[in-house]
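1. Pasted the sequence and its predicted model underneath.
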Amino acid sequence: MKKATELITPEKALTGRQTALPMSNRHFVLGTPISETFPDKYASIIFGLGCFWGSEKLFWSIKGIYTTAVGYAGGYTPNPGYEEVCSGQTGHTEVVLLVYEPATVTLDELLTTFWQEHDPTQGMRQGNDIGTQYRSCIYTNSQEDYDNAILSKEKYQEHLHHSGFPDITTEITINKTFYYAEDYHQQYLGKNPSGYCDLWGTGVDFPMHETDSTNP
């Protein structure tokens, strides 16, 4: 158990491969491309909430989401395979890439869904899924998004503490490389509606619409 929840060091990580894993470039549910240079009107962010099957399904139905894809990020091994990531020898965690239209859905709204739909206090696990590949994370593409993610963490942390939860363990950083997972993982729960999904929130609402207590 201890070994499964300890992050590997860069020098001990698997070497990986130079080419990306083969994959269809069509979203099974939305019909949009999942890998391309997306138009400037779209923004993107990477979330890790545990098992990426349920994480992806959670977001693809949100209005304003252009496309989603599952993959691996946060580690050291280039273009890893699923078994390699599950071995704990890559340093990666399972993540979902979101490409969205900020004019329709805001980053704050996506962060609200992120915080409420999993338990960000569990460290290297999510429910019964144990290992470094299930750790919670937010990987942004800009300093502004990073700052907003940190502020949202601080806001949610206060409410979690009031409800008896420990500190948030979510990793938040900028510019982590996203590696697409194998084709059969993409939109897995769209292809297999009865598939496994161990995704549970804390039951504590994110205080998105808090008002100043000094106002009536």
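-> Right, received. Where do you want to start?

2. Any regions of this structure where pLDDT drops low?
-> 1-3, 209-216 (pLDDT under 70).

3. can you pull out the helices in the protein?
-> Using DSSP state H, the helices found in the chain span residues 52-60, 82-86, 107-116, 143-162, 188-191.

4. Which strands or helices does the last one pack on?
-> Packed against helix 188-191 by the contact rule (3 or more C-beta pairs under 8 Å, 6 or more residues apart in numbering; DSSP states H and E) you find helix 52-60. Every C-beta, even on glycine, is put in place using the N, C-alpha and C of the backbone.

5. Out of the helices of the chain, which gets nearest to Phe28?
-> Checking the helices of the chain against Phe28 by C-beta to C-beta gives helix 188-191 as the closest, at 4.8 Å.

6. would you list every one of the strands in this protein?
-> Using DSSP state E, the strands of the chain run over 43-48, 65-73, 93-100, 125-126, 129-130, 137-140, 171-174, 179-180.

7. mind putting those in TSV, mean neighbour count and distance to His161 included?
-> Shown next, in TSV, are the strands of the chain (neighbours: other C-beta atoms under 10 Å; distance: least, C-beta to C-beta, whole Å):
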stretch	mean neighbour count	distance to His161
strand 43-48	22	22
strand 65-73	24	28
strand 93-100	25	24
strand 125-126	23	20
strand 129-130	16	24
strand 137-140	24	19
strand 171-174	15	18
strand 179-180	20	35
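
8. Output those strands in CSV; the columns should cover distance to Pro22.
-> CSV is the format used below for these (distance: least, C-beta to C-beta, whole Å):
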stretch, distance to Pro22
strand 43-48, 21
strand 65-73, 14
strand 93-100, 18
strand 125-126, 28
strand 129-130, 26
strand 137-140, 24
strand 171-174, 29
strand 179-180, 10
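
9. nearest to Leu21, of the ones you listed?
-> strand 179-180 (6.5 Å).

10. Okay, now the sheet partners of that closest one, with direction.
-> strand 65-73 (antiparallel) (DSSP bridges).

11. just how off-centre is the partner strand within its chain?
-> Chain-centre distance of strand 65-73: 9 Å, with C-alpha atoms, centre = their mean, to the nearest Å.

12. returning to that earlier point: can I get the helices of the chain in a markdown table including mean neighbour count?
-> What follows is these, written out as a markdown table (neighbours: other C-beta atoms under 10 Å):
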| stretch | mean neighbour count |
| --- | --- |
| helix 52-60 | 23 |
| helix 82-86 | 17 |
| helix 107-116 | 20 |
| helix 143-162 | 16 |
| helix 188-191 | 18 |
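
13. could I get those as JSON lines with distance to Pro33?
-> Below are the helices of the chain laid out as JSON lines (distance: least, C-beta to C-beta, whole Å):
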{"stretch": "helix 52-60", "distance to Pro33": "14"}
{"stretch": "helix 82-86", "distance to Pro33": "22"}
{"stretch": "helix 107-116", "distance to Pro33": "20"}
{"stretch": "helix 143-162", "distance to Pro33": "22"}
{"stretch": "helix 188-191", "distance to Pro33": "16"}
